[in-house]
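K.L.:
The following block contains a protein sequence and its predicted model.
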Amino acid sequence: MKASFDSLSLTSKIFVGMVLGILTGFLLQLAFDDSGDLTFSLLGAEFSTYGFFVDGIFNVIGQVFISSLKMMVVPLVFVSLVCGTCNLSEPSQLGRLGGKSIALYIITTAIAITLAITIALLVSPGEGLDLTTDATFTAKEPPSLAQVIINMVPSNPISAMANASMLQVIVFALLFGVAMAMSGEAGKRLGNFFEDVNHVIMRLITIIMNFAPYGVYALMAKLFSTIGLDTILSLIKYFLLVVAVLITHALVVYPLILRIFAGLSPVMLLRKVREAAMFAFSTASSSATLPITLETAQRKLGIKNGVASFTIPLGATINMDGTAIMQGCATVFIAQVYGVDLSVSDYLMVILTATLASVGTAGVPSAGLIMLAMVLQQVNLPVEGIALIIGVDRLLDMTRTAVNVTGDCTVATVVAKSEKQIDLDVYNDPNAGDRDEDVDFKHFESNEEIKS
Ligand code: ASP
C-alpha cells in the first residue's frame, strides 16, 4: 500500500489526501453524539475525540501547512517580480503587460457576475423562502476606491511586507525592478543575486509541496467534521446555483477565452491547474495558494517569468471571478428573500460595484462576504441578509477560490501568448513541470553539482 501511494504523482497524492480527509471528517461527524463529541479511553485516561483529533492533530497539521505556504508568499512575490521586471526588454512592455492583465481581469470578473445574475434571475433561488435566522452579520467598513488607490503605494515597504499588503509589495517590487534595469552593471550584479534567491525559493516551495497531501488531509478532516450539512440542505437551491455557475464559468467561459484570444487547448490548461485548484479549495485562499499558482504558471504552463511573476500575484490580489459569482447569486437571493424588486439599473450597479470591489480585497477566506456587504449597501439591500447565507459560505468559499485561481492562470496564459512570452512546447507537454516534484531529502546537492 505504502509503495503504491509513493508511486502516485504529487497531484494524485494531494487528491487522495483530500478525498480521505473529507471521508474522515464525515465519519467523525457520524460518530459524534448529540454533544458533538465522543470520548474514548486510552491507557486508563478519558480523551475527547474532538479535542484530540479535530482541535488537536488535524488543527495543528493543517495550520502548520497553511502557515508554511503563507510564509513563502511575500519573499516569492517580491523576488520573482524583481527578477521578472529587471529582465523585461523595454519599459513599455511593463505598461502593456499591466494594461492587458488589468483589462482582462476586469472583463472576466464582469462576465462572471453578469452570468451569475442572469442565471440566478432564471432560477429564482430565494423565491417563496421564509428564512429566519439567529445568525448575525456586522459589516466591516470596506475601503473606498480612493483609499484603495492611495494604499497602493507603500509609505514603508518593510511594513508592507510585514503586513503582507500584496498590492503595495507588487508596486515596490516593480519600481525596484525597473530601477535595477536602469542601473547598468550594478543592476546586473543584483539581478544575478535575485535570480539565485529565486531559484532557492522555488526549491523551498517544492519541498513544502511534498507535505501537501498530509496538510490537505488534515484541513479537510477538520473542516468536514464540523460542517453543518443541515444548513446546506435548507439552502440547497442557492448552494447548487452558485456551484453550477462556478463550474460553468470555469469549464465554459475560461476555455472559450483561451481558445478565442490565445488559440490554445483549454483541456491542457484545466489539466495543469488541477493542483493549484486543489490547494485553493483546501485553503480557501488565493493568497496562500500563490506559490503553487506561480509555479504552475511557470513550470507547467510555460509562461515566462517576466509575465508570470507580474500577472499571477496581481491576479491573486485583484481577480476574483468566483467571488463575484457568489456575490451576484447572493444579491439576487437576498433581494428575493426580503421581497425587494431590483431594477435593471440596480443590477448594473451591482455588476460595477462587485467588479471594482474585487480590486481592493485580499485573497483570504471569507473576504468575499465583506465585499458583498458593500455591494448590498449600494442597492439598499439589508446587509443582515448575509447572515442567511453565512452557514453555507465556507464550502462555497473553497469552490470559488479554486475558480479564482483558474482565472488567474487563464488570464496569465492569454497575456503571455499575446506577448510571445510562453513556451508552447512546455504548455503542450502534459507532464511538464512534474519531474521536479520529487525532492531527495536524503541528499543535498553538493556545491559542485549546483555550480554545474
Ligand atoms: N477566499 C477567496 C480567495 O481567496 C476570496 C473570497 O471569495 O472570499 O480568493
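P.N.:
Great, that's in hand.

K.L.:
how many neighbours does the closest residue to the ligand within the stretch 251-400 of the chain have?
P.N.:
Per Cβ to the nearest ligand atom, the residue of the stretch 251-400 of the chain with the smallest distance to the ligand is residue 368, at 2.9 Å. Just so you know, the C-beta spots here come from the backbone N, C-alpha and C atoms, and that holds for glycine as well. Neighbours of residue 368 under the rule other Cβ atoms under 10 Å: 29.

K.L.:
same check, this time on residue 17
P.N.:
Around residue 17 there are 23 residues (other Cβ under 10 Å).

K.L.:
just residue 346 next, same as before
P.N.:
The burial count for residue 346: 17, using other Cβ under 10 Å.

K.L.:
when you give positions from now on, start the count at 56
P.N.:
New numbering, starting at 56: the last item is residue 401.

K.L.:
Secondary structure element for it, which one?
P.N.:
Using DSSP states H and E, residue 401 falls within helix 399-412.

K.L.:
ditto for residue 101
P.N.:
Here residue 101, judged by DSSP H and E, is contained in strand 100-103.

K.L.:
which neighbours does that strand have in its sheet, and in what orientation?
P.N.:
strand 94-97 (antiparallel) (DSSP bridges).

K.L.:
Let me see the mean pLDDT of the strand it pairs with.
P.N.:
Strand 94-97 shows a mean pLDDT of 75.

K.L.:
Enumerate every residue touching residue 269.
P.N.:
Residue 269 makes contact with 72, 116, 120, according to Cβ atoms under 8 Å, 6 or more residues apart in numbering.

K.L.:
Kindly recompute the last result at 7 Å.
P.N.:
Listed by Cβ atoms under 7 Å, 6 or more residues apart in numbering, the contact set of residue 269 reads 72, 116.

K.L.:
On the C-terminal side of the host helix or strand of it, identify the next helix or strand.
P.N.:
Under the criterion of DSSP H and E, residue 269 resides in helix 267-281. From helix 267-281 onward toward the C-terminus, using DSSP H and E, the following helix or strand is helix 284-289.

K.L.:
How about residues contacting that following helix?
P.N.:
Contacts of helix 284-289 (Cβ under 7 Å, 6+ apart): 294, 446, 447.

K.L.:
Give me the phi and psi for the first one.
P.N.:
Note on residue 294: its backbone torsions stand at phi -60, psi -50 [degrees, to the nearest 10].

K.L.:
tally of neighbours for it?
P.N.:
Other residues lying near residue 294 total 22 when counted by other Cβ under 10 Å.

K.L.:
ok, now the last one?
P.N.:
Residues lying near residue 447 (other Cβ under 10 Å) number 21.

K.L.:
helix, strand or coil for it?
P.N.:
Three-state call for residue 447 (DSSP: H, G, I helix; E, B strand; the rest coil): helix.

K.L.:
wait, doesn't it sit right on residue 292?
P.N.:
No. Counting by Cβ atoms under 7 Å, residue 447 does not reach residue 292; the two are 10.9 Å apart.

K.L.:
hang on, the earlier thing: pull out the buried positions in the helix holding residue 401.
P.N.:
Within helix 399-412, the residues that count as buried by 16 or more other Cβ atoms under 10 Å are 401, 402, 405, 406, 408, 409, 410, 411, 412.

K.L.:
could you dump these to CSV with pLDDT and distance to residue 206?
P.N.:
Listed next are the buried residues of helix 399-412 as CSV, based on pLDDT from 0 to 100; distance: Cβ to Cβ, whole Å:
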residue, pLDDT, distance to residue 206
401, 92, 29
402, 92, 29
405, 91, 24
406, 92, 24
408, 87, 18
409, 86, 20
410, 86, 19
411, 80, 14
412, 76, 14
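
K.L.:
nearest to residue 359, of those?
P.N.:
residue 410 (28.4 Å; Cβ to Cβ).

K.L.:
rewinding a little: dump the C-alpha coordinates for the strand holding residue 101 into PDB.
P.N.:
Extracted in PDB, the C-alpha atoms of strand 100-103 (Å, rounded to 0.1, in the frame of the first residue of the first chain):
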ATOM      1  CA  ALA A 100      -7.400   8.100  30.700                       C
ATOM      2  CA  GLU A 101     -10.500   9.600  29.000                       C
ATOM      3  CA  PHE A 102      -9.900  11.600  25.800                       C
ATOM      4  CA  SER A 103     -12.200  13.700  23.800                       C
END
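
K.L.:
Quick check: the gap between the most centrally placed residue in the chain and residue 90.
P.N.:
Nearest to the geometric centre of the chain sits residue 341, at 2.1 Å (Cα atoms, centre = their mean). Computed as Cβ to Cβ, to the nearest Å, the residue 341 to residue 90 distance reads 36 Å.

K.L.:
picking up where we left off before, which elements pack onto the helix holding residue 401?
P.N.:
If you count contacts as 3 or more Cβ pairs under 7 Å, 6 or more residues apart in numbering; DSSP states H and E, helix 399-412 packs onto helix 146-178, helix 376-392, helix 422-433.

K.L.:
winner for burial among those?
P.N.:
Ranked by mean neighbour count, the helices and strands packed on helix 399-412 are led by helix 376-392 with a mean of 28 (mean count of other Cβ atoms under 10 Å).

K.L.:
the inter-axis angle of that one versus helix 146-178?
P.N.:
Taking axes from the mean of the first three to the mean of the last three Cα atoms, to 10 degrees, one finds helix 376-392 and helix 146-178 inclined to each other by 30 degrees.

K.L.:
tell me the SS of the spatially closest residue to the residue nearest to the centre of the chain that is not a sequence neighbour?
P.N.:
The shortest distance from residue 341 to any residue other than its chain neighbours is 3.3 Å, reached at residue 418 (Cβ to Cβ, 6 or more residues apart in numbering). Judged by three-state DSSP, the three-state class of residue 418 is coil.

K.L.:
Let me know whether residue 418 touches residue 339 as I believe.
P.N.:
No. Assessed by Cβ under 7 Å, residue 418 is found out of contact with residue 339, at 9.4 Å.

K.L.:
of the two, who's got more company?
P.N.:
Using other Cβ under 10 Å as the criterion, residue 418 and residue 339 rank with residue 418 on top: 30 against 27.

K.L.:
Return the residues in contact with the more buried one.
P.N.:
With Cβ under 7 Å, 6+ apart, residue 418 has these contacts: 340, 341, 342, 371, 372, 459.

K.L.:
swap the cut-off to 10 Å and go again
P.N.:
Neighbouring residues of residue 418 by Cβ atoms under 10 Å, 6 or more residues apart in numbering: 128, 221, 335, 338-345, 368, 370-375, 378, 456, 459-460, 463.

K.L.:
Selecting buried members of those residues in ChimeraX, what would you type?
P.N.:
Burial among the contacts of residue 418 is assessed by 16+ other Cβ under 10 Å; the matching ChimeraX selection reads:
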select :128,221,335,338,339,340,341,342,343,344,345,368,370,371,372,373,374,375,378,456,459,460,463
